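# below: sequence and its predicted model.
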Amino acid sequence: MRLLVLGSGAGGGVPQWNCRCPNCTRAREERDLPPSRKSFRHTQASIAIAERGERWLLVNASPDLCSQFADRAELAPPEGSLRGSPLAAVALTDGQIDHTTGLLFLREGGELTLVCTDPVWKSLGSTFPIVSILGHFLPVRRLAYPAELASLIVEALPLPAAPAPYDPPSNESGHVVALRITGKKSGRRVVYAPGLPGVSREFADFVAGCDALFVDGTFWSEEELAPMNPERQRSILRSHLPVSGPGGTLAWLSGLPIREKFYIHINNTNPILDPGSSPAKQVREAGVQIAYDGMLLRLYPSPS
Ligand code: MLT
Ligand code: MN
Ligand code: ZN
């Protein structure tokens, strides 16, 4: 199984267009460096997974999708055909702007297979009508979780996070999910949770035994929320448990017997994005890695 990190930043990416925080400033200073040296730049989070051959499942469609595809040879149209794509389907963890806007840029394709929950499917056909718009360009086929495609099994765990700000308040579950993707040949298993409101017993059971785990790294601490208005603060905290602190994700991850643990969906204000910072050091010392754009993870078949 191969996994590509196409983008590792939270909504807005790094640099965010209107932000002058230290990370965004450093990312802007790297403007003229070759891509491999742009260590502060993070496009908005998205990963792609292939179990075998060249059929990729995209997990979330970032607003940066076009440049993310352009940068990866693996996602180029197959040789010998003028048009085409190794993209098999797109699976969504939620219906948020930073995870769905990229769908609009898949409109040139022949057909789109979209895997999502009922509330996300509803939202994308009404309050944030991306799928209705796409339907004018190509057929959109929807699959529900659990789904099986491209030699992968994709399962979802609903999380108690807030619906998107434009969705009406609802108690329906499934506005935000964590995904578990299992390779049918390799037996390898990845969990992707870029929005994690808390570490519940259900979530701990869901990740148990996986080979690689990608966890919400939006904020280091609640203090980063200070510049936001109180309502926005509450909604963000309901959706993103910070990394640090006794109840944070790092304390939980550090004791977890999973080989490959990563933070992803990292906000531009998060000090872990500076490799020289003490928070970044604490993350490394806890055995957790910080995902970066262009990262390739290979998971070889489990010995049988
Ligand atoms: C989130 O992760 O909660 C959203 O992306 C926030 C946003 O972009 O509005
Ligand atoms: Mn987000
Ligand atoms: Zn910033």
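Nice, I can see it. Ligands and ions are numbered 1, 2, ... in the order given.
# so the residue of the chain found nearest ligand 1, which state does it fall into?
Residue nearest to ligand 1 within the chain (Cβ to the nearest ligand atom): residue 11, separated by 2.7 Å. For glycine as for every other residue, the C-beta is placed from the backbone atoms N, C-alpha and C. Following DSSP: H, G, I helix; E, B strand; the rest coil, the label given to residue 11 is coil.
# can you give me the strands in the stretch 101-250 of the chain?
112-115, 140-143, 147-149, 152-158, 177-183, 189-193, 212-216 (DSSP state E, counting those that start in this stretch).
# okay if I get those as JSON lines plus mean pLDDT?
JSON lines is the format used below for the strands of the stretch 101-250 of the chain (pLDDT from 0 to 100):
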{"stretch": "strand 112-115", "mean pLDDT": "98"}
{"stretch": "strand 140-143", "mean pLDDT": "98"}
{"stretch": "strand 147-149", "mean pLDDT": "98"}
{"stretch": "strand 152-158", "mean pLDDT": "98"}
{"stretch": "strand 177-183", "mean pLDDT": "98"}
{"stretch": "strand 189-193", "mean pLDDT": "98"}
{"stretch": "strand 212-216", "mean pLDDT": "98"}
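# could you dump those to a markdown table with distance to ligand 1?
Formatted as a markdown table, the strands of the stretch 101-250 of the chain follow (distance: least, Cβ to the nearest ligand atom, whole Å):
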| stretch | distance to ligand 1 |
| --- | --- |
| strand 112-115 | 19 |
| strand 140-143 | 22 |
| strand 147-149 | 23 |
| strand 152-158 | 16 |
| strand 177-183 | 13 |
| strand 189-193 | 12 |
| strand 212-216 | 8 |
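# can I get the ones you listed in TSV including distance to residue 222 and mean neighbour count?
Shown next, in TSV, are these (distance: least, Cβ to Cβ, whole Å; neighbours: other Cβ atoms under 10 Å):
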stretch	distance to residue 222	mean neighbour count
strand 112-115	33	22
strand 140-143	37	16
strand 147-149	36	15
strand 152-158	24	20
strand 177-183	22	24
strand 189-193	19	24
strand 212-216	14	25
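# okay, those strands in CSV with distance to ligand 2 next?
Formatted as CSV, the strands of the stretch 101-250 of the chain follow (distance: least, Cβ to the ion, whole Å):
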stretch, distance to ligand 2
strand 112-115, 18
strand 140-143, 22
strand 147-149, 22
strand 152-158, 17
strand 177-183, 14
strand 189-193, 12
strand 212-216, 9
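# lovely, talk soon.
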